[in-house]
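K.L.:
output the structure for:
(chains A and B)
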Amino acid sequence: MLTGTWQPVRINSLLPDSHFASSVYLRPSLFQIASPLHSTSVPPSSRSPRLNWSEQIDTGSSVVNLLSISKDSTMANTIRLYLTCIRNTLEAAMCLQNFPCQEVERHNKPEVELNTSPELIMNPDLICRNEAEKCLIETPINSIRISMKVKQADELENILAKKFLRFLSMRAEAFQVLRRKPVQGYDISFLITNYHCEEMHKHKLIDFIVQFMEDIDKEISELKLSVNTRGRLVATEFLKQFI
Amino acid sequence: MEAEEEYLEAEENLEAIITRIEHKSRKIETLLKQSKPVDALKTALEGSALKTRDERCKSANWIVVHRAVMAIKDVDGMISSLDPEYYDILMKYLYRGLATGDRPTCDQCLRIHEKLTEKAGLGCILRSLSDTVNTV
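P.N.:
Below is the predicted model:
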């Protein structure tokens, strides 16, 4: 069901084609995460090959690695704590069971989306890392909705994050657990139902979500760097004619 | 008639609760001056009125607990000296702290959350999520 092939897609006019096209070609690695969820005994190390794709980006990739090492040493601790907190909360909260709809006969709906019966919904949990990043976890009896707001330091990151996450949300079918529209006030949302928990391993679902959160930040900074590098190259070339 | 009586009783209780919280905050200030953050936290957590629905009481209590939590430096020592019956209450307050979005509060709450989960287990988290009667 999940394939590694992609056609190049023109996302928008704001960014040059090659940027998104190159990241689209390399996107298959993101989808490969979802396939181990179905198998019974795939070790987590099977995910590691996907990290090598960062070296394949054409411009400025080596610069990216150098920068990320120096900046992350202090932030590494807080992000580790933030992700541990989210992982623990998800492990506790992901106990879902089948629950047919109370309002409509013979229907089975994720109660988090309906929001009609307060007795079925547990207290929502908001976990903030700082003013910009937060994660809302809502858990009724048969589904979990995890909404995330990613860090957006400036206008460019704002635009990149919006485009990139919209790109992923539109392909929500392939991810299965992604929601097509994020919840109001957040950037991206996951919806996990009891059927997903029955088909897939719970700990792998949690691993997927935490890995996703880790990688979103990295990918947006890499996109930003390649946009800036390309802009600088283009401007240099263009202005050379005036020298 | 009975509803009115209950309402009046609840009103009195609110005032009693708020005075109690003020007493607590004064005690906590003295304990913090004596550099006993662990005792300060214990005082803040005990006697929290969980069953009340009044927002003012909850906010007042939260301010007191927040003060005690931010003063904690040694997380491991604090958790090992805390009674198990306070784990659930502390977890609920930690989630309230994480919801504020204020950076130093969130940092401190995340640190304590990790250690508390190791000690108290996932059940503590689940009880804080599912308990709608005793809310913080």
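
K.L.:
interface residues of chain A facing chain B?
P.N.:
A:78, A:81-82, A:84-85, A:88-89, A:91-93, A:95, A:122-123, A:125-131, A:134, A:139 (CB under 8 Å from any CB of the partner chain). (Glycine included, C-beta is placed from N, CA and C.)

K.L.:
show the buried residues in these.
P.N.:
Among those, those classed as buried by neighbour count (16 or more other CB atoms under 10 Å in any protein chain shown) are A:78, A:81-82, A:84-85, A:88-89, A:91-93, A:122-123, A:125-130, A:134, A:139.

K.L.:
residue boundaries of the strands in the chain?
P.N.:
With no chain named, the answer covers chain A. A:125-128, A:134-138, A:143-149, A:188-193 (DSSP state E).

K.L.:
so which of these gets nearest B:V75?
P.N.:
Between B:V75 and the strands of chain A, the shortest separation by CB to CB is 17.8 Å, and it involves strand A:125-128.

K.L.:
specify the stretch among the strands of chain A that is closest to B:T30.
P.N.:
Of all the strands of chain A, strand A:125-128 sits nearest to B:T30, with 31.5 Å by CB to CB.

K.L.:
that closest one: partners in the sheet, and parallel or antiparallel?
P.N.:
The pairing partners recorded for strand A:125-128 under DSSP bridges are strand A:134-138 (antiparallel).

K.L.:
what's in contact with the strand it pairs with?
P.N.:
When contacts are defined by CB atoms under 8 Å, 6 or more residues apart in numbering or on different chains, strand A:134-138 is touched by residues A:86, A:89-90, A:93, A:112, A:121-122, A:124-128, A:144-149, A:183, A:186, A:213, B:101.

K.L.:
surely A:I144 and A:I121 touch.
P.N.:
No. With contact defined as CB atoms under 8 Å, A:I144 does not reach A:I121; the gap is 11.1 Å.

K.L.:
shared neighbours, the two?
P.N.:
Common contacts of A:I144 and A:I121 (CB under 8 Å, 6+ apart): A:112, A:138.

K.L.:
between these two, who's got more neighbours?
P.N.:
Neighbours were counted for A:I144 and for A:I121 using other CB atoms under 10 Å in any protein chain shown; A:I144 has more, 26 against 18.

K.L.:
from A:E138, how far out is that one?
P.N.:
To A:E138, A:I144 is 7 Å away according to CB to CB, to the nearest Å.

K.L.:
which neighbours do those two share?
P.N.:
Counting by CB under 8 Å, 6+ apart, the residues touching both A:I144 and A:E138 are A:V112.

K.L.:
in helices, which of the residues of chain A next to chain B fall?
P.N.:
Of the residues of chain A next to chain B, the ones assigned to helices by DSSP state H are A:78, A:81-82, A:84-85, A:88-89, A:91-93.

K.L.:
for A:M148, which residues are in contact?
P.N.:
A:133-136, A:186-189, A:213, A:216.

K.L.:
if we go to 7 Å?
P.N.:
Each residue near A:M148 by CB atoms under 7 Å, 6 or more residues apart in numbering or on different chains is listed here: A:135, A:186-188, A:213.

K.L.:
take the residues you listed and lay them out in JSON lines including neighbour count.
P.N.:
Converted to JSON lines, the contacts of A:M148 look like this (neighbours: other CB atoms under 10 Å in any protein chain shown):
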{"residue": "A:C135", "neighbour count": "24"}
{"residue": "A:Y186", "neighbour count": "16"}
{"residue": "A:D187", "neighbour count": "21"}
{"residue": "A:I188", "neighbour count": "24"}
{"residue": "A:M213", "neighbour count": "20"}
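
K.L.:
any idea which of those is closest to A:R230?
P.N.:
Of all the contacts of A:M148, A:D187 has the smallest distance to A:R230: 24.3 Å, by CB to CB.

K.L.:
these two touch, right, the closest one and A:K163?
P.N.:
No. Using CB atoms under 7 Å, A:D187 is not in contact with A:K163; the gap is 11.2 Å.

K.L.:
per-residue confidence for residue 3?
P.N.:
The chain I'm using is chain A. Here the pLDDT value assigned to A:T3 is 43.

K.L.:
I was after chain B.
P.N.:
B:A3 is given a pLDDT of 57.

K.L.:
so where's chain A uncertain?
P.N.:
For chain A, the stretches with pLDDT under 70 are A:1-75.

K.L.:
for chain B, same thing?
P.N.:
B:1-12.

K.L.:
which parts of it sit against chain A?
P.N.:
B:95, B:98-101, B:103, B:106-107, B:110-111, B:113-114, B:117, B:122, B:125-126, B:129-130, B:132 (CB under 7 Å from any CB of the partner chain).

K.L.:
then stretch A:169-189 to CSV, C-alphas only?
P.N.:
Output in CSV follows, covering the C-alpha atoms of stretch A:169-189 (Å, rounded to 0.1, in the frame of the first residue of the first chain):
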residue,chain,number,x,y,z
SER,A,169,-1.8,16.7,5.5
MET,A,170,-3.1,16.5,1.9
ARG,A,171,-1.5,13.1,1.7
ALA,A,172,-3.1,12.0,4.9
GLU,A,173,-4.5,8.8,3.3
ALA,A,174,-0.9,7.4,3.0
PHE,A,175,-0.1,8.2,6.6
GLN,A,176,-3.4,6.7,7.9
VAL,A,177,-3.1,8.3,11.2
LEU,A,178,-2.9,11.9,10.0
ARG,A,179,-5.8,14.2,10.1
ARG,A,180,-6.5,16.2,6.9
LYS,A,181,-7.1,19.5,8.6
PRO,A,182,-5.2,20.6,11.8
VAL,A,183,-7.3,21.6,14.8
GLN,A,184,-7.8,25.4,15.1
GLY,A,185,-4.8,27.0,16.6
TYR,A,186,-2.3,24.2,15.7
ASP,A,187,-0.2,23.2,12.7
ILE,A,188,-0.9,19.5,12.3
SER,A,189,-3.1,16.9,13.9
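
K.L.:
thank you kindly, that will do.
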